[in-house]
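A.B. asks: just coords:
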């Protein structure tokens, strides 16, 4: 009789602890600062024989219950030989000039993702970033992957990764 009572109290206690842990996780579900996204389109342009520019259109979603304010945007690629190449972002004004001077690039579809861009909670945006790389255009065009790293003003970091180039 004593063993059964002890077993019942133990099971009830474990159920209550499990319910408490589940409630805490449920209440914190939107507190994790993270951006989800995907690369939509990458356009490349050779600026000279040893450097190139990539204009990257992508879609991002703020999955948190809090706004995300951009502190920085960094882009890197892994080229066809497997080397990591860091890029330097170019300003929105310079990106607009590239589209103006090189009609082969097509139209500028999206605004640039710049510092202090604010993504409201659960908001999805289409943005672009222009990046200069100190490698020939062929290295960027034949890349294995592309990574956009977005840092939030309070230090949270999210990455949008494109798989192998088509």
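C.D. replies: It's in. Keep in mind that this is a model prediction, so the values were computed, not measured. Numbering: from 1, shown residues only.

A.B. asks: tell me the contacts of residue 56?
C.D. replies: 39, 41-43, 75, 128-131, 146, 148 (CB atoms under 8 Å, 6 or more residues apart in numbering). No exception for glycine: its C-beta is placed from N, CA and C like everyone else's.

A.B. asks: same check on residue 128?
C.D. replies: Residue 128 neighbours (CB under 8 Å, 6+ apart): 55-58, 95, 108-113.

A.B. asks: now, of these, which are buried?
C.D. replies: For these, a burial check counting by 16 or more other CB atoms under 10 Å picks out 55-58, 95, 108, 110, 112-113.

A.B. asks: pLDDT score assigned to residue 166?
C.D. replies: pLDDT for residue 166: 41.

A.B. asks: residue 16: which of the contacts of residue 56 is nearest?
C.D. replies: residue 148 (44.6 Å; CB to CB).

A.B. asks: nearest spatial neighbour of the closest one, skipping sequence neighbours?
C.D. replies: Closest residue to residue 148 apart from its sequence neighbours, by CB to CB, 6 or more residues apart in numbering: residue 160 at 4.4 Å.

A.B. asks: next helix or strand past the lengthiest helix in the chain?
C.D. replies: For the chain, the helix reaching the highest residue count under DSSP state H is reported as helix 2-27. Beyond helix 2-27 in the direction of the C-terminus, DSSP states H and E gives the next helix or strand as strand 35-48.

A.B. asks: now that next one: average pLDDT?
C.D. replies: 93.

A.B. asks: so how far is the next helix or strand after that strand from its chain's centroid?
C.D. replies: Next along the chain after strand 35-48, taking DSSP H and E as the criterion, comes strand 51-62. Put simply, strand 51-62 sits 10 Å off its chain's centre (CA atoms, centre = their mean, to the nearest Å).

A.B. asks: one more: stretch 118-127?
C.D. replies: For stretch 118-127 - counting by CA atoms, centre = their mean - the centre lies 12 Å from the chain centre.
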